[in-house]
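Novice: task: produce atomic coordinates for the following.
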Amino acid sequence: NNLSNEIAGSATGAVGCVVARNLKNIEHTPFHKRNAQNILLDVRDTHVHFSGSDIVYDKSVKLYANTSKITNEEAVQITWENPSAGLFDMIAIYTPPSRGVQDYLDFRYVSDTKGWQKHHGVFNEILFNMRSDYELRYLAIDSHKKATVKASFKISVPDNEPIHGHIAVTGRPGEMRVMWGSAKSDKPRVKYSQSPDLKDSVTAIATTTTYTAEDLCGPRANVTDPLMFQDPGFFHTALLKDLKPGVRYYYTYGTDEASSKTASFLGAPYPDSKVAVTKFIGYGDMGAYYPPYYDDLMPGAAGVTRALEKEAATGLDFILHFGDISYARGRGYVWDQFMTQMTRVSEQVPYMVGVGNHEYDHVSGGEKDPSGAPENGFHPEWGNYGNDGGGECGVPTSHRYVSPDNGNGVFWYSFDHGLVHVVQFSSEHDFRPGSRQFLWLEKDLKSVDRSRTPWVVVTSHRPLYTSQDAQGDHVVGLHLIMALEELFYTYKVNIHLSGHYHSYESTCSVVSGDCVKPGTGTVYIVVGTSGHQLEEESYRPYPWSKYQNCQKFGYERMTANTTHMHIEFVTTPNGEVLDDFTIPAWDETATTHLFKRRR
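Specialist: Got it, this is the predicted structure:
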């Protein structure tokens, strides 16, 4: 408490948050199964274990779908008929079809479908391209929980369909990376042109990576099971060069045999370009939603994603997603759903991610950690760093997203874009003075040319300043303040953006726990409101906390010119702006502030 008061000011009393129901610990099934009361069910509680299994096809039992071929994220209507349907009979879905009866991806009880008392039923599912075909099976379940396959129906998935397209800046002039996935690695490429019909297009050959269960740090991620590790296929990255700033480029990705629809983006500005405005969006803590259902574990994800699609269409320079990206936590099917939901945004706007606890934190398998962190990652005695990544340790994230190569991959990096220098660092790695990351961060901030980029925006998953009353995270925030706040002040960081708390909060311009004149201290913004269930913790009324909201989903929109930055908390679903303020560029003539604590 003394440490808290000394660094971050003092507070008394608390302001409460009201949340309808707490689903933070629920893990949804692949098809977000619900009970009769429409309550989301947990995949850990709903998997049925059979005492045995058999295959005895019965001509009186019918099972079919409205299609035998799908592409990614396609709605399928499934119909069953059985004159002797049992209450606990089920339609199980498998991928690939070679899986045993017990190893289904998800299921529906026939008794949960309309009209089942009349011995038939119909239901709908959204099927994703998980790089293998599907098989539906009617399972008759007897009183001893033995499952007998009575009928089946196969649905094929194209093995060369390009999926999950997204783009990212490289930090170098005239370049853009295009990334996507597929089941095959045959001759991946991007064709791009200034013409919508791709006339006179240039071809960029892609590089390819993948990972196996053995490459992951621990369970659940490395357990070969339909609900845990799924073969991710291949990840392709093509580097587009010689792009002109502000020019729209049209492109397709895939192979000559199977190519994506045409997408487009604007060439990033050169360092010496005269840019009038730079506009970007930031948020954390989104997660994947399942298209038929919008009010579940990630109740804000659908609304924010739809809003981002509109924002992208009207013009954005880039998007920052600072951790807790998909919330897969070792469940491969969640990555497929998240990457699909973001495609319409990330194909046209550079989508720059950082890692959070749910992508990275692990307690085993440290030798497989792609960040190169010692032992099993960062676990200081005062921290609450656990196994929140479900054994992923950043492997799925680092294969899906390729970042500028001036730092440590997706874990920490920086780039210039227009008027803004962006730094994404990892609060999940050692950030203390003298650490590898700290030394890199100090060098990067010291190298910023303010005549080109008058704005410096730093992000991390966990916040420094937050008044929300969560003790374990609060302690980590105090250590972040001790390690980094003076560095931010020395190198004139204008804004720090973070998530982790599923809520919104903005501060005044802060130096060492005190509000100072705008333009002479860093503004700290927590915006973990892009999807996951909102927080319940109360707020403490610290004097530096300017605005708080734990009732609305949304994202932060920032628009900068050479002298001022306009900052808005845009909420969904109606686009209402609830926190709206403007800060000036850093005042170089201001008096130097003294810190209450020094490193």
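Novice: can you show me the helices along the stretch 401-550 of the chain?
Specialist: When assigned using DSSP state H, counting those that start in this stretch, the helices of the stretch 401-550 of the chain occupy the ranges 436-446, 471-490.
Novice: helices or strands up against the shortest one?
Specialist: Helices and strands touching helix 436-446, by 3 or more Cβ pairs under 8 Å, 6 or more residues apart in numbering; DSSP states H and E, are strand 420-424, helix 471-490. (C-beta placed from N, C-alpha, C; glycine too.)
Novice: single out the most deeply packed of the helices of the stretch 401-550 of the chain.
Specialist: helix 471-490 (a mean of 19; mean count of other Cβ atoms under 10 Å).
Novice: got the angle for that helix vs helix 436-446?
Specialist: Angle, helix 471-490 to helix 436-446, by axes from the mean of the first three to the mean of the last three Cα atoms, to 10 degrees: 40 degrees.
Novice: beta partners for the closest residue in space to residue 414 that isn't next to it in sequence?
Specialist: Distances taken as Cβ to Cβ, 6 or more residues apart in numbering place residue 423 nearest to residue 414, at 4.4 Å, with adjacent residues excluded. As for beta bridges, residue 423 partners with residue 414, residue 458 under DSSP bridges.
Novice: max-length strand in this protein?
Specialist: strand 146-155 (DSSP state E).
Novice: how close does the residue nearest the centre of the chain get to residue 556?
Specialist: By Cα atoms, centre = their mean, the chain has its centre lying nearest to residue 325, at 1.7 Å. Separation of residue 325 from residue 556 (Cβ to Cβ, to the nearest Å) stands at 17 Å.
Novice: for residue 59, same thing?
Specialist: 60 Å.
Novice: next one: residue 69
Specialist: Taking Cβ to Cβ, one finds residue 69 at 42 Å from residue 556.
Novice: okay, these two: which has more neighbours?
Specialist: More crowded of residue 69 and residue 556, by other Cβ atoms under 10 Å: residue 556, with 24 against 11.
Novice: residues contacting the more buried one?
Specialist: 281, 282, 283, 497, 525, 527, 567, 568, 569, 570 (Cβ atoms under 8 Å, 6 or more residues apart in numbering).
Novice: repeat that for 7 Å
Specialist: Counting by Cβ atoms under 7 Å, 6 or more residues apart in numbering, residue 556 touches 281, 282, 283, 497, 525, 527, 567, 569.
Novice: phi first, then psi, for the first one.
Specialist: Read that as residue 281. Dihedral pair for residue 281: phi -130, psi 150, per degrees, to the nearest 10.
Novice: identify the bridge partners of it.
Specialist: residue 319, residue 557.
Novice: how deep is it tucked in, by neighbour count?
Specialist: Neighbours of residue 281 (other Cβ under 10 Å): 25.
Novice: let's number from 698 now, not from 1
Specialist: All set: I'll call the first residue 698, so the last point we hit is now residue 978.
Novice: quick one: least confident helix or strand in this structure?
Specialist: Here the helix or strand of the chain ranked lowest by mean pLDDT, DSSP states H and E is helix 699-705, holding a mean of 45.
Novice: and the gap between residue 764 and residue 827?
Specialist: As for residue 764, its distance to residue 827 is 16 Å (criterion: Cβ to Cβ).
Novice: more neighbours: the two, which one.
Specialist: residue 827 (25 against 13).
Novice: isn't that one right up against residue 790?
Specialist: No - applying Cβ atoms under 7 Å, one finds residue 827 not in contact with residue 790, separated by 10.8 Å.
Novice: what are the ranges of the strands in the stretch 948-1097 of the chain?
Specialist: 960-963, 975-980, 1015-1019, 1048-1051 (DSSP state E, counting those that start in this stretch).
Novice: pLDDT averaged over the last one - what is it?
Specialist: Okay, so that is strand 1048-1051. Computed over strand 1048-1051, the mean pLDDT rounds to 98.
Novice: one step back: closest to residue 1068 out of the helices of the stretch 1098-1247 of the chain?
Specialist: helix 1133-1143 (9.4 Å; Cβ to Cβ).
Novice: for that closest one, what is the average pLDDT?
Specialist: 98.
Novice: touching it from outside, list them.
Specialist: Under Cβ under 7 Å, 6+ apart, the answer for helix 1133-1143 is 1104, 1109, 1111, 1120, 1122-1123, 1126-1129, 1153, 1180, 1184, 1188.
Novice: equivalent analysis for stretch 952-966, please.
Specialist: Under Cβ under 7 Å, 6+ apart, the answer for stretch 952-966 is 855, 857-859, 862, 864, 866, 873, 883-886, 893, 895, 940-951, 972, 1044-1045, 1114-1115.
Novice: quick one: buried residues of it?
Specialist: Of the residues in stretch 952-966, 952, 956, 957, 959, 960, 962, 963, 964, 965, 966 count as buried by neighbour count, 16 or more other Cβ atoms under 10 Å.
Novice: excluding its backbone neighbours, what's nearest residue 1292?
Specialist: residue 1209 (4.6 Å).
Novice: residues contacting that neighbour?
Specialist: 1182, 1290, 1292, 1293.
Novice: not counting its neighbours along the chain, what's nearest the first one?
Specialist: When the adjacent residues along the chain are set aside, residue 1182 lies closest to residue 1161, with 6.4 Å between them (Cβ to Cβ, 6+ apart).
Novice: from residue 1035, how far out is the one you found?
Specialist: 27 Å.
Novice: so between the two, which is more surrounded?
Specialist: residue 1161 (27 against 23).
Novice: wait, that one sits on residue 1222?
Specialist: No - taking contacts as Cβ under 7 Å, residue 1161 lies outside contact range of residue 1222: 10.6 Å.
Novice: which one of the buried residues of stretch 952-966 is nearest to residue 1157?
Specialist: Checking those against residue 1157 with Cβ to Cβ, the nearest one is residue 965 at 23.4 Å.
Novice: low-confidence regions, this structure specifically.
Specialist: 698-722, 989-994, 1294-1296 (pLDDT under 70).
Novice: do that again at 90, thanks
Specialist: By pLDDT under 90, the weakly predicted segments of the chain are 698-744, 811-812, 883, 968-971, 986-997, 1166-1169, 1230, 1232-1235, 1238, 1285-1296.
Novice: in the stretch 698-847 of the chain, which spans are strands?
Specialist: Going by DSSP E, counting those that start in this stretch, the stretch 698-847 of the chain shows strands at 749-752, 759-762, 771-778, 787-791, 803-806, 817-824, 831-838, 843-852.
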